[in-house]
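Q: dropping the sequence and predicted coords here.
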Amino acid sequence: MNIQEFQDKLKEIQTLAMQNGKQVQAELVEKFFGEDGMDRDKLQKVYDFLEIQGIAVHGYEKEKRQAGNQGEIHREEDTQTAVQQIPLTQEEEEYLEEYLETFGDTEGYDRAQLFQELRQGADVKEHILKSYQKEVVQIARELHSGEVFFGDLLQEGNMGLLMALERAAEQEEIHTWLVNEIRSTIRLFLEEQNQQKKEDDILVEKVRNLEARVKELTEDEDVKYSVEELAVFLDMDVEEMESVLRLTGDDK
């Protein structure tokens with residue numbers, strides 16, 4: 001299957017997915033592309049591309065390589081949200097030790113009293129923040145997969161805690177509210193990082209493909225093409241072409 005055929009099929013499966021409420025079954029995707037001998041790695045890139053376009057792909061297994069365990073693949077159904085916990089690196093352990101030292105003593109707080117004072121309008125957020133460092137660290141450890149630096153998870157957890165404290169006084173169960181907000185904030189951060197990685201991987205692949213195709217078209221040094229002409233040959237918008245060329249350092 002050449003590049004043009006691949007692009008046409010990709011557009012077609014996108015159209016079908018949009019007509020089906022921005023969702024598609026993996027079986028249908030495989031029928032579209034599998035008949036041409038496309039291997040699992042290339043199909044995975046198609047799935048990633050569709051997800052980046054906001055299209056849900058149902059019925060396939062995601063593959064995630066865990067840091068510090070190269071060569072071993074952890075598979076999970078796309079309906080699962082469990083994270084395989086990875087031990088902290090030495091650098092992360094040292095960061096955690098220094099991080100906790102900045103908070104000093106985080107024990108001995110009477111949370112019931114703090115919650116009561118919070119509801120009465122007292123400024124006790126700093127004390128509650130310190131008293132919840134054990135939960136922040138514990139949740140960050142549970143969600144640590146090795147793909148994102150542990151310190152970043154702690155910072156996101158505290159950001160979620162601080163934002164949750166703005167509305168905590170309105171909640172019936174303040175403790176449950178705070179813990180849930182810490183967890184959901186870290187989860188959202190990890191999802192955003194994973195999404196960004198997918199986009200980066202696809203962009204890198206696009207750059208490589210463009211470099212190869214431009215090289216083919218410009219092998220004859222006596223023939224010069226403008227960006228507009230190359231865009232026509234490669235079936236790309238000029239703006240998209242220029243943005244990718246800038247990434248290759250060949251935008252002149």
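A: Yep, it's here.
Q: helices or strands up against the longest helix along the chain?
A: Secondary structure of the chain per DSSP state H: the longest helix is helix 174-217. Packing contacts for helix 174-217, counted by 3 or more CB pairs under 8 Å, 6 or more residues apart in numbering; DSSP states H and E, involve helix 40-52, helix 111-119, helix 133-143, helix 150-165, helix 227-234, helix 238-248. All C-beta spots, glycine's among them, are computed from the backbone N, C-alpha and C.
Q: would you convert those into a markdown table that also reports mean neighbour count and distance to F32?
A: Formatted as a markdown table, those follow (neighbours: other CB atoms under 10 Å; distance: least, CB to CB, whole Å):
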| stretch | mean neighbour count | distance to F32 |
| --- | --- | --- |
| helix 40-52 | 16 | 9 |
| helix 111-119 | 15 | 55 |
| helix 133-143 | 19 | 35 |
| helix 150-165 | 20 | 38 |
| helix 227-234 | 14 | 22 |
| helix 238-248 | 14 | 23 |
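Q: now the ones you listed as TSV including distance to Q193 and mean pLDDT?
A: Shown next, in TSV, are those (distance: least, CB to CB, whole Å; pLDDT from 0 to 100):
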stretch	distance to Q193	mean pLDDT
helix 40-52	14	75
helix 111-119	31	96
helix 133-143	12	95
helix 150-165	8	95
helix 227-234	31	68
helix 238-248	20	66
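Q: dump those to CSV, plus distance to Q25.
A: Converted to CSV, those look like this (distance: least, CB to CB, whole Å):
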stretch, distance to Q25
helix 40-52, 11
helix 111-119, 48
helix 133-143, 29
helix 150-165, 34
helix 227-234, 31
helix 238-248, 29
